[in-house]
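>>> After the sequence you'll find the predicted model.
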Amino acid sequence: MRPIRSFSVIPRLPPKLEVLWDLAYNYWFCWNDGVSDLFAQIDLDIWRECHGNPVAFLNQLPQKILEELARDEFFVERVRDAKKNLDDYLARTVSPVPFPGHEGRTPAVAYFSAEFGIDASLPVYSGGLGILAGDHLKSASDLNVPLVAIGLAYKKGYFRQYLTPDGWQQERYPDSDFEQLPMSLVKNDDGDPLTISVDMAGRECRAQVWKVAVGRISLLLLDANIADNDPDLREVTAQLYGGDWEMRIRQEILLGIGGIRALWAMGLAPTVIHMNEGHSAFAGLERIRVFMSESKLAFEAAVELTASTSVFTTHTPVPAGNDRFDPGLMQKYFEGYAKSLGLAFKVFLALGREDPRNDAETFCMTVLALRLSRFNNGVSELHGKVSRNMWKRVWPQYPVDDVPISAITNGVHQPSFVAPDMAALYDRYLGINWKEDPDCARVWRQAQNIPDSELWRTHERLRERLVDYARHRVADTQRKRGARRREVEESLEILDPRALTICFARRFATYKRANLLFMDVERLKRLVGNPDKPVQFIFAGKAHPQDNEGKKLIQQIIQLSRTPELKNKIVFLEDYDMSVARFMVQGGDVWLNNPRVPLEACGTSGMKAMSNGVLNVSTLDGWWAEAYQPDNSVGYGIGQGEIYDDWDYQDFVESQTLYNVLENDVVPDFYDRGHGNMPRGWVRRMKNALVHLGAAFSAHRMVEDYVRNAYIPAFKNYRELAARDFAKAKQMASWRMDVMTKWGDIHIRNVRTESPTQVFVGEPFLIEAEVWLAGLPVDDVRVELYAGPINQDGDVDRRRTIAMSPDGETEDGWKIFKGELLPQEAGRFGFTIRILPFHPLLIDPRSLGLIRWVG
Ligand SMILES: *Cc1c(COP(=O)(O)O)cnc(C)c1O
């Protein structure tokens with residue numbers, strides 16, 4: 001090949017318009033409609049061609065248009081205003097959740113995720129996990145949380161979907177041109193791209209770093225596709241969730257270990273890390289290594305410091321969603337690394353095993369993250385419970401309720417998902433505060449004041465827009481597929497802008513059961529075929545490239561959508577992504593969600609719909625188990641959240657329930673029209689949902705929960721533990737080892753009570769016990785009563801724990817502890833006693849895994 005060297009030519013923006021670059025290079029534009037409108041209005045066709053990517057857009061604008069615009073004083077003024085708004089936004093320093101003692105802008109928290117869904121133009125996400133991470137950054141930006149984010153810059157991102165004429169999913173992997181995206185290369189002091197390196201089984205893999213501005217937050221994306229690397233290592237950042245296990249471990253090494261190194265190389269030193277899903281759990285190991293080599297801490301003290309300042313969120317109850325590596329693969333990539341931590345390889349592997357003694361067990365990233373973090377959470381109340389059960393073997397001595405995994409329910413960044421028309425209504429009736437303060441219940445309560453007719457008209461307009469969008473999208477795909485002109489024209493007539501429109505869009509993972517609606521096709525045909533009460537469905541979603549069952553489902557939907565009775569009433573939109581999602585969550589009447597309980601950890605698309613006044617019809621899983629009201633006042637439920645062993649039977653029962661809910665509740669309610677052809681009951685539900693759910697399911701609420709419950713405690717821990725040359729980290733480590741060695745000798749005896757066997761409600765029941773502490777001071781333990789009503793199995797239910805206090809000692813040196821129970825209701829009660837370690841800096845005493853029960 002001839003050595004061709006290339007260079008790029010970019011348009012010269014007239015000086016008055018130069019600030020357009022500033023607007024283009026900050027993803028703040030994607031939740032400020034005014035700014036994206038500004039781009040769209042310059043040239044709608046080019047804007048659409050560029051898929052809403054403002055950098056590519058500006059680069060493609062003809063010089064002539066730019067010159068013209070520069071002469072348009074009104075336009076110049078609007079650009080100047082937008083830039084001023086951005087500057088004001090960036091300059092603001094107040095935060096509703098300040099970090100005590102933290103000054104300036106340096107990040108205190110590093111947020112790691114394998115994917116980020118910021119905007120459709122930045123294809124480094126696949127689905128819910130990524131969009132949640134994107135929303136986390138946007139809300140953290142709005143709330144001024146000192147956070148920096150780390151991910152990977154995938155050259156091909158996640159695949160793009162297209163269907164063959166007979167409905168079989170095909171995948172395309174177009175390359176992203178990073179130079180043409182709102183991101184810039186991080187440079188070192190010499191002006192060259194800054195690079196970091198990690199070891200990959202004896203070879204060096206280098207990566208450069210792209211910086212994406214998401215409001216005030218920097219998102220750093222590592223990119224291994226550089227000339228320094230061997231060709232196969234350049235592929236490490238080619239695809240999101242592509243390749244085999246070896247590719248996956250390489251990606252996770254780069255994300256976790258490389259991520260920490262990139263932060264250090266850039267002079268950033270966040271003291272807290274948040275691992276969003278287990279993919280980044282190697283970051284914990286790297287922090288331990290750095291604390292050992294830079295700060296000369298022993299392994300145990302480095303673990304203490306790392307775990308006390310790490311936050312971990314687990315996201316899925318589906319086993320395949322939790323990465324597990326073969327011991328052989330681990331050995332290939334981590335044998336040397338284990339040595340650098342001073343660990344025998346077997347001890348190293350135990351960090352990722354549920355049972356440290358089981359040599360056959362694989363190395364699980366979730367287990368590693370759980371062990372290296374003292375704040376662990378699931379993403380809804382129900383998922384927290386499911387996770388405690390799922391990971392209880394990591395804490396074998398604990399009752400499942402005590403497994404230290406809590407819950408922070410996900411939320412959505414509403415300014416990114418609320419339709420502009422709806423946003424204008426909210427501006428007027430909720431006050432412009434709703435964008436800044438979407439987690440304030442008082443703000444959403446004002447939704448009560450939106451006149452019914454205005455809300456309904458706005459919603460109807462959005463439905464019309466969705467129908468129009470669907471028609472054009474289907475026509476486009478047909479044109480691309482080479483369909484005949486008549487067919488293309490016919491697709492501009494599909495759907496009915498006035499019919500009850502039910503949307504179903506998500507990944508075609510089996511547990512999400514896109515097929516539930518098709519269990520009884522005849523009944524479905526009757527449902528959509530009623531001429532007085534027409535119903536239509538819009539579907540979208542991608543199946544994983546290796547998931548043939550998911551692909552068959554898509555094909556089944558396509559084929560059914562061609563049968564005469566369903567034609568034009570069931571439509572599948574190809575290539576689901578954030579921009580398709582926006583149209584659907586804004587314009588549907590109903591958002592349908594029927595996962596198999598309890599496999600949907602949370603689900604967020606329904607929250608986007610809810611924020612637009614779209615009603616949810618959903619099984620009681622994930623967030624909907626928290627949001628749903630049994631009187632159907634905020635939306636509809638399918639079933640009661642039952643869990644079945646027989647899945648076929650479950651699908652049968654729940655599909656019947658789904659048809660019943662649609663036929664008996666949803667359709668009649670939607671078509672119960674009064675004055676002005678308005679469904680008052682429906683509109684009331686829309687408002688109820690906004691009033692009661694708007695604040696609770698906002699990403700602002702979620703980020704504030706993380707800040708208060710996890711980030712700030714971890715931030716304080718670092719300051720305490722690291723002060724005076726890590727004095728307390730060292731002390732904690734030796735305390736822990738002391739407790740561990742003595743723990744086995746701790747005993748409880750002589751549990752007694754002087755109270756009668758029957759007491760009245762509200763009367764104290766006194767309990768005393770003698771405890772052998774094997775030389776530990778009484779302050780190092782918590783002796784607890786563990787009590788509650790006795791259930792049918794003779795076990796304690798709804799247990800409470802009550803601290804017992806030391807009260808002298810026996811002649812032979814046993815400590816006496818006393819406590820009392822105050823039963824608040826009549827019935828059979830039971831109690832037992834247990835001992836946990838206690839240290840003021842231990843966030844959660846359960847995280848050490850130590851416990852001692854009576855006898
Ligand atoms: C919000 C969103 C999701 C998440 O959907 P759930 O199935 O409800 O968790 C997935 N994909 C896209 C494009 C989204 O916008």
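Good, I have the coordinates. Numbers count the residues shown, from 1 in each chain.

>>> Below-threshold pLDDT in the stretch 1-150 of the chain: ranges please.
For the stretch 1-150 of the chain, applying pLDDT under 70 flags the ranges 1.

>>> which secondary element of this protein has the worst mean pLDDT?
Within the chain, confidence by mean pLDDT, DSSP states H and E is lowest for helix 433-436 among all helices and strands, at a mean of 90.

>>> ok, and for whichever helix or strand comes after that helix, which residues are buried?
Moving toward the C-terminus from helix 433-436, the next helix or strand (DSSP states H and E) is helix 441-445. Along helix 441-445, these residues count as buried under the neighbour rule (16 or more other C-beta atoms under 10 Å): 443-444. (Each C-beta comes from the backbone N, C-alpha and C, glycine too.)

>>> same check, this time on stretch 314-328
Going by neighbour count (16+ other C-beta under 10 Å), the buried part of stretch 314-328 is 314-317, 321-325, 327.

>>> Buried residues, the least confident helix or strand of the chain. List them.
For helix 433-436, by 16+ other C-beta under 10 Å, it's 434-435.

>>> In the protein, which residue is most central in space?
For the chain, residue 132 is the residue whose C-alpha lies nearest the centre (C-alpha atoms, centre = their mean; 3.7 Å).

>>> Who are the packing partners of the helix or strand where that one lies?
Per DSSP H and E: residue 132 is located in helix 128-142. Judged by 3 or more C-beta pairs under 8 Å, 6 or more residues apart in numbering; DSSP states H and E, helix 128-142 is in contact with strand 109-112, strand 147-152, strand 203-214, strand 217-223, strand 272-276, helix 414-417, helix 699-706.

>>> ok so, going back, which non-adjacent residue is nearest the residue nearest to the centre of the chain?
residue 410 (5.6 Å; C-beta to C-beta, 6 or more residues apart in numbering).

>>> Repeat that for residue 131.
residue 117 is the one closest to residue 131 (C-beta to C-beta, 6+ apart), at 3.6 Å.

>>> if I look at that neighbour, how far off is the ligand?
Separation of residue 117 from the ligand (C-beta to the nearest ligand atom, to the nearest Å): 7 Å.

>>> so what's that residue up against?
Going by C-beta atoms under 8 Å, 6 or more residues apart in numbering, residue 117 touches 124-125, 127, 130-135, 578.

>>> So which of these would count as near the ligand as well?
Filtering the contacts of residue 117 for neighbours of the ligand using C-beta under 6 Å from any ligand atom leaves 127, 131, 578.

>>> right, and the second one touches residue 604 too?
Which is residue 131. Yes: counting by C-beta atoms under 8 Å, residue 604 is a contact partner of residue 131 at 6.7 Å.

>>> Pull up the residues of the protein that are close to the ligand.
Proximity of the chain to the ligand, by C-beta under 6 Å from any ligand atom, involves residues 127-128, 131, 506, 576-578, 581, 603-606, 608.

>>> can you pick the most crowded of the contacts of residue 117?
Counting neighbours by other C-beta atoms under 10 Å, the top entry in the contacts of residue 117 is residue 135, with 30 neighbours.

>>> Give me the spatial nearest neighbour of whatever residue of the stretch 1-150 of the chain ends up closest to the ligand, chain neighbours excluded.
Taking C-beta to the nearest ligand atom as the measure, the stretch 1-150 of the chain has residue 128 as its residue closest to the ligand, at 3.2 Å. The shortest distance from residue 128 to any non-neighbouring residue, by C-beta to C-beta, 6+ apart, is to residue 604 (5.6 Å).

>>> for the one you found, phi and psi?
Here is the backbone geometry of residue 604 (degrees, to the nearest 10): phi -120, psi -20.

>>> residues near it, how many?
Residue 604 has 27 neighbours, counted by other C-beta under 10 Å.

>>> Identify the residues contacting it.
128, 131-132, 135, 410-412, 623.

>>> The same query, at a cut-off of 10 Å, please.
127-129, 131-132, 135, 379, 410-413, 417, 506, 585, 622-623, 697, 699, 702 (C-beta atoms under 10 Å, 6 or more residues apart in numbering).

>>> Ok, residue 390 next?
Per C-beta under 10 Å, 6+ apart, neighbours of residue 390: 314, 316-317, 319, 322, 366, 378, 383, 400, 403, 405.
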